[in-house]
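Asker: Turn this into a model:
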Amino acid sequence: MQPLRKTVGSVRPEKAEASALEVSGLTVRFGARTILDGINFDVRDGEFLCIVGSSGSGKTTLLRVLAGLARPAEGKVQFAGAEISGPSRDRAIIFQDYSKALLPWRTVRGNVALSLEARNVPASEQDAIVDELLGIIGLSRAKEQFPSQLSGGMQQRVQIARCLAQDPKLLLMDEPFGALDAMTRQSLQDEILQLVADKKIATVFITHDLEEAIYLGDRVIVLGGSPAGIMETMEIDLPRPRNQLTTREDGRFLAYRHRLFELLVQEHPPQAFEGKGQQ
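Answerer: Model (predicted):
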């Protein structure tokens, strides 16, 4: 694992005018059961949007709709002005279970190159692109290793690099750091903030961890109810670059955490949330 970078160097624009993604009147049903009802929000160009909610609140279902892997019963989801009707290389998804996301018979280099092959990038150009991406995520020395030889954090870095090789305009992340230890999780939080800011990629990030949502996000959406709707959308007025120590000690950070916990505990007792009591 690389040393923890406590301060993220890139600064995201405060607010972007254009929307990369627009969700309006979204309702999702599985059979007779309504999972999501009347969901409306947008994701601004270059924005980092976090979505929180208790287990079973439809967070992953919503992400699958944004990825084009599930269809809504009602409403509309538009990306770059066009309605989403299926998966697209412009929208990359990073899953929590990195062990199943990587191909075990391919090396680190081969897993990252998979996205380049899907884009029909000439073989003569692939090595340079893979080397650049592995350098960015700190895995240059591991490129000939197989997933089984890597730690969890390293495997998740490979998945991130493979998604970046896809050259996406929107990054969808489903609790990608939930299975990692605290130090690795914080290191990857800072790395992903740096990467998406540098490449100006709009990001939707699902998490159970309220502190993670506040630390990463420009805004946080809270899902709740049955069927689930948006309980509140919170603008996170914390300066960038974020810092793992001073940001989390900021009085505003603590106030945001208190408000999010208060919203979610209205429906569920504290033991319904994972973590160290703050979630």
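Asker: rest of the way, CA atoms for contacts and neighbours
Answerer: Will do.
Asker: all helices of the protein, in order?
Answerer: 59-67, 98-101, 108-118, 123-136, 152-165, 182-199, 210-216, 246-249, 251-265 (DSSP state H).
Asker: With mean pLDDT as extra columns, can I get those helices in TSV?
Answerer: Formatted as TSV, these follow (pLDDT from 0 to 100):
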stretch	mean pLDDT
helix 59-67	94
helix 98-101	82
helix 108-118	94
helix 123-136	92
helix 152-165	91
helix 182-199	91
helix 210-216	97
helix 246-249	96
helix 251-265	94
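Asker: Make CSV out of the ones you listed and add distance to Arg29 and mean neighbour count.
Answerer: CSV is the format used below for the helices of the chain (distance: least, C-alpha to C-alpha, whole Å; neighbours: other C-alpha atoms under 10 Å):
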stretch, distance to Arg29, mean neighbour count
helix 59-67, 10, 21
helix 98-101, 27, 16
helix 108-118, 32, 22
helix 123-136, 39, 15
helix 152-165, 29, 24
helix 182-199, 32, 18
helix 210-216, 27, 23
helix 246-249, 38, 15
helix 251-265, 23, 16
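Asker: Output the ones you listed as CSV; include the columns distance to Phe30.
Answerer: Formatted as CSV, the helices of the chain follow (distance: least, C-alpha to C-alpha, whole Å):
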stretch, distance to Phe30
helix 59-67, 10
helix 98-101, 25
helix 108-118, 31
helix 123-136, 39
helix 152-165, 29
helix 182-199, 33
helix 210-216, 28
helix 246-249, 39
helix 251-265, 24
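Asker: Select, out of those helices, the one closest to Asp174.
Answerer: helix 59-67 (6.7 Å; C-alpha to C-alpha).
Asker: Contacts only, for Thr107.
Answerer: By C-alpha atoms under 8 Å, 6 or more residues apart in numbering, the contact set of Thr107 is Lys143, Glu144, Gln145, Phe146, Pro147.
Asker: Now rank these by neighbours and give me the top one.
Answerer: In terms of neighbours by other C-alpha atoms under 10 Å, the contacts of Thr107 top out with Pro147 at 24 neighbours.
Asker: Might you report the residue contacts of it?
Answerer: Ser99, Leu102, Leu103, Pro104, Arg106, Thr107, Val108, Gln155.
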